[in-house]
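Peer 1: what follows is a predicted protein model with its sequence.
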Amino acid sequence: MEQKARIPGLFKNVIAPIQVWLLSQGRCVGCGRELASGTRSKRKDGSEKVVCSCGRLFIHDLKRKVYRRALLEEVQI
Ligand SMILES: [Zn+2]
């Protein structure tokens, strides 16, 4: 009655919640540093683009006070 461990699927299922949790804590999903210490610049829609010191890009929604990963098209702006 032994269950075989399906590592790849499990791995994926674990990583996503960790990233969501890190973002909810205002931390980079890549290196765990606080995004408050990143380089920020204002965007036209009133949000902030934050560049972590590891080079990852995030969008800080000032109204909802949440961070999210920047979309590909936002990286270029
Ligand atoms: Zn980082």
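Peer 2: Received the coordinates, thanks.
Peer 1: where along this protein do the helices fall?
Peer 2: Along the chain, the segments classed as helices by DSSP state H run 7-24, 72-75.
Peer 1: wait, which of those helices is closest to the ion?
Peer 2: Of all the helices of the chain, it is helix 7-24 that lies closest to the ion, at 9.6 Å by Cβ to the ion. Glycine gets a C-beta too; all of them are placed from N, C-alpha and C.
Peer 1: starting at the chain centroid, how far to the closest one?
Peer 2: Centre-to-centre, helix 7-24 and its host chain are 12 Å apart (Cα atoms, centre = their mean, to the nearest Å).
Peer 1: quick one: is it near the ion?
Peer 2: No: figure legend: helix 7-24 not in contact with the ion (Cβ under 5 Å from the ion); closest approach 9.6 Å.
Peer 1: ok, stretch 50-62 next?
Peer 2: Yes: interface with the ion: stretch 50-62 contributes 52, 54, 56 (Cβ under 5 Å from the ion).
Peer 1: got the end-to-end distance for that stretch?
Peer 2: One end of stretch 50-62 sits 12 Å from the other (Cα to Cα, to the nearest Å).
Peer 1: tell me which residues of that stretch come out buried.
Peer 2: Buried residues in stretch 50-62, counted by 16 or more other Cβ atoms under 10 Å: 50-52, 56-60.
Peer 1: touching that stretch from outside, list them.
Peer 2: Here stretch 50-62 makes contact (Cβ atoms under 8 Å, 6 or more residues apart in numbering) with 23, 28-31, 33, 35, 37-40, 43, 46-49, 66-71, 74-75.
Peer 1: out of these, which end up buried?
Peer 2: Judged by 16+ other Cβ under 10 Å, buried ones among these: 23, 28-29, 33, 35, 38, 47-49, 67, 69-70.
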